[in-house]
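Novice: what shape does this take:
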Amino acid sequence: MIDLPDRSRAASRLAIYGALILATLFFALPAWFALINSLKPLQEIQAGNVLGLPARWTVEPWIAAWSTACTGAPACAGLARYFVHSLMVAIPATVISTLWGCFNGYLLAKWRFRGSDAVLFVLMFGSFVPGVLFVFPLSIIFARLQLAHSLVGLVVVHTLYSLPIALFFRNYFVGFPGDLIKAARIDGAGLWVIFRRIVLPTAKPILVVVAIMQFTSIWNDFQFALVLAPSDQQLVTVGLNNLTNVQEDVAHHNTYMAAALIAGLPPLLIYIAAGKYFVRGLVSGAVKG
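Specialist: Below you'll find the model as predicted:
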């Protein structure tokens, strides 16, 4: 006979596993649907084989999505150039915004100055402001600064828009031992030296968490890319949108699926490669208040 506490624990465990399985299916099924249809000939999809495995496997939709699909540009060259442009924006913007946020969070946590509470409030308020409100004023300001319609301008935009990530670092550094900072000050170390040699090496967990979040957000951005990127240097999200909306005699659904998977590969690969560090960063208190 199983006693009541054991039955209760078994029921709880079963409920947890059931919820996890449902959540996994909810997120995995669309990706699986896109994957299997991206490996089918178009004729097979048109014949009604949408949910089943391919009768004939092919990578031609992936090749077309990368190098020959039409996106509304003068030449049908697929997503390759859009992909490169996104990397040119996402990598430097992620590095700069993450390090800048780390420095600002350290200042807010350990260096008290006049107006620090007001700065903290502004950052908290800014984290709830939708990005679409910044598009029009930024386009005007950047036009006057001659940064409009350039990839450099997009890097600057994402760096500025990411200011609220300093809150993650601030919460992380609140628990940082103040005695180490005081000892470094006594030894004559300044603000930058303390940050670079003492604080930054201990911030690896939160750096990984924020960097992954930043790269994913910047890579998936559409509104800033659509408005502020040069017409001949659009990013992968805009290219994907153009590819799926090009007027063609026949809708190439397999190519669309392959293009969507290509556009989502970099964030996915980063999560796979650094997922354990991401979880460690969360567990270590990266996002606690």
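
Novice: could you use CA atoms for every contact and neighbour count after this?
Specialist: Will do.

Novice: so which strand or helix has the most centrally placed residue in the chain?
Specialist: Central residue of the chain (Cα atoms, centre = their mean): Thr216, 0.9 Å from the mean position. In the assignment (DSSP states H and E), Thr216 maps to helix 204-219.

Novice: can you give me the buried ones in that helix?
Specialist: Buried residues in helix 204-219, defined by neighbour count with 16 or more other Cα atoms under 10 Å: 205-219.

Novice: any low-confidence regions in the protein?
Specialist: Counting by pLDDT under 70, the low-confidence segments of the chain come to 1-6, 247, 279-289.

Novice: mind checking the longest helix of it?
Specialist: Of all segments of type helix in the chain, defined using DSSP state H, the longest is helix 4-38.

Novice: mind giving me the packing neighbours of it?
Specialist: Here helix 4-38 touches helix 253-283, going by 3 or more Cα pairs under 8 Å, 6 or more residues apart in numbering; DSSP states H and E.

Novice: buried ones in the helix it packs on?
Specialist: Residues of helix 253-283 classed as buried: 253-264, 266-267, 271, 275, 277-278, 281-282 (neighbour count, 16+ other Cα under 10 Å).

Novice: just stretch 110-124 next, same as before
Specialist: Neighbour-count burial for stretch 110-124 flags 110, 120, 123-124 (criterion: 16+ other Cα under 10 Å).

Novice: from Ile181, how far out is the residue nearest to the residue nearest to the centre of the chain when sequence neighbours are not counted?
Specialist: What sits nearest to Thr216 in space, not counting adjacent residues and going by Cα to Cα, 6 or more residues apart in numbering, is Pro267, at 5.6 Å. Distance of Pro267 to Ile181, given as Cα to Cα, to the nearest Å: 36 Å.

Novice: how far away is the residue nearest to Phe195 when sequence neighbours are not counted from Leu123?
Specialist: Spatial nearest neighbour of Phe195, excluding adjacent residues (Cα to Cα, 6+ apart): Phe103 at 7.3 Å. With distances taken as Cα to Cα, Phe103 is found 14 Å from Leu123.

Novice: what's the answer for Ala183, then?
Specialist: 30 Å.

Novice: the residue nearest to Thr216 is in contact with Gln214, isn't it?
Specialist: No: using Cα atoms under 8 Å, Pro267 is not in contact with Gln214; the gap is 10.1 Å.

Novice: quick revisit: so which of the buried residues of stretch 110-124 sit within helices?
Specialist: Judged by DSSP H, those include 110, 120, 123-124 as members of helices.

Novice: just the closest of the buried residues of helix 204-219 to Glu248, please.
Specialist: Nearest to Glu248 among those is Trp219, at 27.4 Å by Cα to Cα.

Novice: the residue nearest to that closest one when sequence neighbours are not counted and Ser217, how far apart?
Specialist: In this structure, Trp219 finds its nearest non-sequential neighbour in Ala90, 5.8 Å apart by Cα to Cα, 6+ apart. Separation of Ala90 from Ser217 (Cα to Cα): 9 Å.

Novice: turn the buried residues of stretch 110-124 into CSV, including distance to Gly175.
Specialist: Output for those, formatted as CSV (distance: Cα to Cα, whole Å):
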residue, distance to Gly175
Lys110, 10
Leu120, 17
Leu123, 20
Met124, 19
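
Novice: ok, Leu14 to Ser116 distance?
Specialist: Computed as Cα to Cα, the Leu14 to Ser116 distance reads 48 Å.

Novice: swap in Ile218?
Specialist: From Ile218 to Ser116 the distance is 28 Å (Cα to Cα).

Novice: now do the phi/psi pair for Thr58.
Specialist: phi -150, psi 150 (degrees, to the nearest 10).
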